[in-house]
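>>> Structure of the sequence below:
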Amino acid sequence: MPEYFPAPSADCPTFDGDTEWAPIVDGVAYFAELDEVLTGLERGDEVLIAGLELDADLDLTGRPHGADGRTTLVDRLVAAGAAGVDVRILLAGKLSAFVLPLPGLANFRANAALCHRVNGSPGLAGHALVDYSGPLLGSNHQKTVVVTRRGEVTAFVGGIDLVQERFDHEPHTTLRLKGDRWGWHDTAVRLRGPAAARAHDVFLRRWHEAAGLPTRAWVRRSVNPPAAPTPAAAGDQKPVAADHTSVRVLRSISNRKLDSVLPWRRVRWDALPPTGVQEIFETLTAAIAAARRYVYIEDQYLAEYTAGAQRRFELYPYLRDAAARGVKVVLVGSGTRDPDDPGLNLRPINSSVNRDIRSKILRRLDPERRGNVAVYRVEHVTMHSKLTLIDDVFANIGSANLFSRSMSGVDAEISAAVETSTPAVRDLRVRVWAEHLRAPLSAELAAELGDLDLALGIWDPAWLPADRPATTWRTTGEPASFAPVETVLRRVDTR
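Numbers count the residues shown, from 1 in each chain. Down below sits the predicted model:
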């Protein structure tokens, strides 16, 4: 019986021992997996994409303009549709709290233009929709690619946008932002087996709701054409052996299909609870409450977002309670802002501990327990990953940020969580921590990072075993296999 998951329900089942949960770190690896699964599609296969945006210029192999063999993802999807593949695309209609969903403003126009292009292609009329459902200040932030090949479903869930600038990998030295070094760290997960069919079902439900949106809710002319019928449900998926492993596909969805400042114009979902869905929040709070050794979170902001914030869906009280009982809480955020953050990209980020962490975690802890919290930033990197690791047993990867907008459903989100007694979560932790240490991951270093007692000392020398010097993880050769090529982890002062 899983200890870190809340009780399952008919609408949020647990898949025990029958689903592959395979994490993917950074965009280059993610796009390579997409390139592979999208190659060789045949008539009757299916590609379902939901995203915040889809870059019309994205080539999954990273080939530059003019290179032989360069083909954009959109061109590949259009060609697949013409060949009889059922291609469906859902793109967000509200891209930030600062942008109204009008075709002439911001990225909404790009999403509408791309959908218009796809819908005008052979075999794809009504197969691409702009989804402007949900709260006025929210966004449809789910990021999934679900591919059905000859009846077998492979689902990708995560935080990685289908955008050329996400084509990055460690040590994150190739991108440039205004001439300066820049990197983009991100994560996703691949699902195969019955949980992949659950991700397929999440897309179908969203397609059904988007297809029924009033076409003139926001603009004088219709944004979307008449939608193609909702695809058929995925057939029963062959189990993929995954002993001692439980998987859930989780959602955050608001309580309204269509919002308005006028109460009588608000519209409920066709088939969702009147309170919305907060499966990600419910699962993360249960897992944090079960934590015994550590909670590790990667998040872009590590702070609340004023627009759409809902205090009752904040994670800070649960992190505070974990630290109060002796659990080590590690929060790792961006060293460089996402340049798409409206009006904020010139401000430093995580240079000091933010108001939410200070007032909602640190100040509510006894002084001796504040040492159980460590906050870091990764220099030159946008930490876009939405990753939670707990006790080398539980992991969650998806589109949901730490803030309450994502937990409540103001931003619609999806994630895939795992609880396992196998080394899967430990191995992911080892890989990610080695990346942030900028230390080549030899077999010897993997073994030392795999030693949780020793590895926790990365974040605070006081967390090291008593027989280890305080210079461990801070000096080359301590431990013996530790040989970083640079130092980009910077601790944020929490005093």
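>>> got the buried residues for stretch 294-314?
294-305, 308-309, 313-314 (16 or more other CB atoms under 10 Å). No exception for glycine: its C-beta is placed from N, CA and C like everyone else's.
>>> What number of residues are in the vicinity of P231?
18 (other CB atoms under 10 Å).
>>> Likewise for P229?
By other CB under 10 Å, the residues close to P229 number 9.
>>> before we move on, what about L389?
What L389 shows, counting by other CB under 10 Å, is a neighbour count of 23.
>>> residues making contact with whatever helix or strand it lives in?
For L389, the host element (DSSP states H and E) is strand 387-390. Contacts to strand 387-390, defined as CB atoms under 8 Å, 6 or more residues apart in numbering, come from residues 4, 187, 284, 287-288, 290-291, 294-298, 394-397, 425, 428-429, 432.
>>> Name the strands paired with that strand and say parallel or antiparallel.
strand 294-298 (antiparallel), strand 394-398 (antiparallel) (DSSP bridges).
>>> got the CA positions of the one helix or strand in the chain whose mean pLDDT sits lowest in PDB?
Counting by mean pLDDT, DSSP states H and E, the chain has its least confident helix or strand at helix 106-119, which shows a mean of 86. Only the C-alpha atoms of helix 106-119 are listed here, as PDB (Å, rounded to 0.1, in the frame of the first residue of the first chain):
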ATOM      1  CA  ALA A 106       1.100  38.800 -27.100                       C
ATOM      2  CA  ASN A 107       1.500  35.100 -27.800                       C
ATOM      3  CA  PHE A 108      -2.200  34.500 -28.100                       C
ATOM      4  CA  ARG A 109      -1.900  35.700 -31.600                       C
ATOM      5  CA  ALA A 110       0.900  33.300 -32.400                       C
ATOM      6  CA  ASN A 111      -1.100  30.400 -31.000                       C
ATOM      7  CA  ALA A 112      -4.200  31.400 -32.900                       C
ATOM      8  CA  ALA A 113      -2.100  31.700 -36.100                       C
ATOM      9  CA  LEU A 114      -0.500  28.300 -35.700                       C
ATOM     10  CA  CYS A 115      -3.900  26.700 -35.100                       C
ATOM     11  CA  HIS A 116      -5.300  28.400 -38.200                       C
ATOM     12  CA  ARG A 117      -2.400  27.100 -40.300                       C
ATOM     13  CA  VAL A 118      -2.900  23.500 -39.000                       C
ATOM     14  CA  ASN A 119      -6.600  23.700 -39.500                       C
END
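>>> Which secondary structure elements does that helix sit against?
Judged by 3 or more CB pairs under 8 Å, 6 or more residues apart in numbering; DSSP states H and E, helix 106-119 is in contact with helix 73-82, strand 86-92, strand 128-131.
>>> Can you tell me which of those is most buried?
A comparison of the helices and strands packed on helix 106-119 by mean neighbour count, using mean count of other CB atoms under 10 Å, puts strand 128-131 on top with a mean of 27.
>>> Within the sheet, what are the partner strands of that one, with directions?
Strand 128-131 has the following strand partners under DSSP bridges: strand 86-92 (parallel).
>>> before we move on, back to that, may I see the strands paired with strand 387-390 arranged in CSV, with distance to A446 and mean pLDDT as well?
Converted to CSV, those look like this (distance: least, CB to CB, whole Å; pLDDT from 0 to 100):
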stretch, distance to A446, mean pLDDT
strand 294-298, 17, 99
strand 394-398, 17, 99
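>>> Which one of the ones you listed lies nearest to L213?
strand 394-398 (24.0 Å; CB to CB).
>>> now the contacts of strand 387-390: which count as buried?
Judged by 16+ other CB under 10 Å, buried ones among the contacts of strand 387-390: 4, 187, 284, 287-288, 290-291, 294-298, 394-397, 425, 428-429, 432.
>>> so which strand or helix has E448?
With DSSP H and E as the criterion, the answer for E448 is helix 443-450.
>>> tell me how far the next helix or strand after that helix is from the chain's mean position?
Counting by DSSP H and E, the element after helix 443-450 in chain order, helix or strand, is helix 452-455. How far helix 452-455 lies from its chain's middle: 26 Å, per CA atoms, centre = their mean, to the nearest Å.
>>> Give the buried residues for the helix or strand following helix 452-455.
Proceeding N to C from helix 452-455, the next assigned helix or strand is strand 489-492, under DSSP H and E. Buried residues in strand 489-492, counted by 16+ other CB under 10 Å: L489, V492.
>>> Outside of strand 489-492 itself, list whatever touches it.
332, 335, 350-353, 374-379, 436-437, 458-459.
>>> Which PyMOL command selects the buried ones in the residues you listed?
In PyMOL syntax, the buried subset of these is picked out as below (16+ other CB under 10 Å):
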select buried, resi 332+335+350+353+374+375+376+377+378+379+436+437+458+459
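>>> what's the closest non-adjacent residue to D55?
V163 (4.4 Å; CB to CB, 6 or more residues apart in numbering).
>>> can you pull out the strands in the stretch 151-300 of the chain?
Listed in chain order, the strands of the stretch 151-300 of the chain (DSSP state E, counting those that start in this stretch) span 152-158, 175-177, 180-185, 187-192, 245-253, 277-278, 294-298.
>>> Check the ones you listed for me: which has the lowest mean pLDDT.
The minimum mean pLDDT among the strands of the stretch 151-300 of the chain belongs to strand 175-177 (a mean of 88).
>>> distance between that one and the chain's centre?
22 Å.
>>> swap in stretch 395-408?
From the chain centre to the centre of stretch 395-408 is a distance of 8 Å (CA atoms, centre = their mean).
>>> repeat for stretch 234-253
Stretch 234-253 has its C-alpha centroid displaced from the chain centroid by 17 Å (CA atoms, centre = their mean).
>>> buried stuff in it?
234, 237, 240, 242, 245-253.
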